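# Below are the sequence and a predicted model; questions follow.
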Amino acid sequence: MKQLVYFIFFFLLSNTLSAQQDPGTEEPEVLLKDSVDCTRVKDQGNSPTCWVFGTNSLFESEALRKTGKRLDLSEMFIARYAYIDKANTYLATGGKTYFAGGGQFHDVLRIVRRYGIMPEAAYTGRPEANYSHDHRALDTAMKRFMEDLLAAGKTRLDGEDLQQVTDTLDKYLGRVPVTFIYEGKEYSPRSFADQVVKFSDDYIELMSFADLPMYQKCLLSDKYNWAGDSIYNIPLAELQAAADTALQKGWSVGWEGDVTEPGFNYFSGYARLADSSFVFDKQRVDNYKTEATERDHMLHLVGIGKDKKGEKWYYLKNSWGTWLSHFRGYLYMNSNYFKMKTVIILVNREALPLHLKKKLGLEK
């Protein structure tokens, strides 16, 4: 969830160093075998909201699959209501939970369940018609207010507190309309989610850590999991097979993991780890515990293919716009990078292999 400015500096530096160390690197040509139709690339700007952009993009692809409609969903509607939920949890725990603009896949699912969703045209989250999102002032204002409430001994938002939170969100993101017009018909966020997006709460999160029980829901220690949601833990081979199977069936996948590796090159459009004697199960656990692997970005996995040497590559949609990006906001990730740096994937349960559904007790 790091901000785009940081990534630009980081990758410019890492790319320069990489070019000096290996000037003869040849970029692979990847032939996509299974890919999913998706909507245009967006730009999260200077906001830590990749978790919404990645998940909304998945919803938009599934709407295309189900209805043929090319939707443009509002990311800031989700981010706004998540902030309110995070505020209540933050106060209830005495300030021990995460309170900032970041989040996870299940946060988006929770907000859609509770509040619905709406199109970008109805709520842009940019009240001054700014070109891009910039949440620095919003995040600072919200954090300071929560710290003031904690200092006053508050354990929940009362009516006056909630009004101040609402006023702050209105100031920086704009007021949320109670209803709006879409294609000539009036909707509420709830009716839009049900009737247009046709949201079905059939999504599950999967992870793979060898030190946790397999085929069970486990709590993965992480500051971004402010709501304490548990995630199904499965072997790494099955995690990769779940993503592959989904794409082969025409479903896309939400991807969350580490993009701070030197092998992740935003500008060239490739994320890769060279062949090595990886012991993935052990190294994944060790890397996560030492924070060599971080949960710092979410992407939308929309395709899979191979290069001329037969190496597998995943095709992912980013949320950093299209500028200075070789593949106009998309990138290729090799299998080694996926296996080492994937932390969580989000997938519709209908896309899972049958044997995995049975092991997780998800067969209908």
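Received the coordinates, thanks. Quantities reported herein were computed from a predicted structural model and do not represent experimental measurements.

# for the record, mean pLDDT for stretch 221-232?
Averaged over stretch 221-232, pLDDT sits at 91.

# Give me the buried positions along that stretch.
For stretch 221-232, burial by neighbour count (16 or more other C-beta atoms under 10 Å) applies to 224-227, 229, 231-232. All C-beta spots, glycine's among them, are computed from the backbone N, C-alpha and C.

# just those residues now: which is nearest Lys359?
Closest to Lys359 out of the buried residues of stretch 221-232 is Tyr232 (9.4 Å), distances taken as C-beta to C-beta.

# Hmm, Arg110 and Ile78 touching each other?
No: with contact defined as C-beta atoms under 8 Å, Ile78 does not count as touching Arg110 (9.5 Å).

# who's more crowded, these two?
Ile78 (28 against 19; other C-beta atoms under 10 Å).

# In contact with that one, which residues?
Applying C-beta atoms under 8 Å, 6 or more residues apart in numbering to Ile78 gives the contacts 52, 55-56, 107-108, 111-112, 117.

# Quick check: buried residues in whatever helix or strand it lives in?
Assigning secondary structure by DSSP states H and E places Ile78 in helix 75-92. Neighbour-count burial for helix 75-92 flags 75-91 (criterion: 16+ other C-beta under 10 Å).

# now do stretch 155-165
Of all the residues in stretch 155-165, those buried under the rule 16+ other C-beta under 10 Å are 157, 161, 165.

# likewise stretch 57-65?
57-64.

# Of the residues you listed, which is the nearest to Glu27?
Nearest to Glu27 among the buried residues of stretch 57-65, counting by C-beta to C-beta, is Ser57 at 24.8 Å.

# you'd agree that closest one is up against Thr39?
Yes: between Ser57 and Thr39 there is a contact under C-beta under 8 Å: 6.5 Å.

# Output the helix or strand where Leu247 lies as PDB, restricted to C-alpha atoms.
Assigned by DSSP H and E, Leu247 belongs to helix 236-248. Written as PDB, here are the backbone C-alpha positions of helix 236-248 (Å, rounded to 0.1, in the frame of the first residue of the first chain):
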ATOM      1  CA  LEU A 236       1.900 -23.700  -2.300                       C
ATOM      2  CA  ALA A 237       1.300 -26.100  -5.200                       C
ATOM      3  CA  GLU A 238      -2.400 -25.900  -4.700                       C
ATOM      4  CA  LEU A 239      -2.300 -22.100  -4.300                       C
ATOM      5  CA  GLN A 240      -0.700 -21.800  -7.700                       C
ATOM      6  CA  ALA A 241      -3.000 -24.400  -9.200                       C
ATOM      7  CA  ALA A 242      -6.000 -22.500  -7.800                       C
ATOM      8  CA  ALA A 243      -4.900 -19.400  -9.700                       C
ATOM      9  CA  ASP A 244      -4.100 -21.300 -12.900                       C
ATOM     10  CA  THR A 245      -7.400 -23.200 -12.800                       C
ATOM     11  CA  ALA A 246      -9.400 -20.000 -12.300                       C
ATOM     12  CA  LEU A 247      -7.800 -18.400 -15.300                       C
ATOM     13  CA  GLN A 248      -8.300 -21.500 -17.400                       C
END
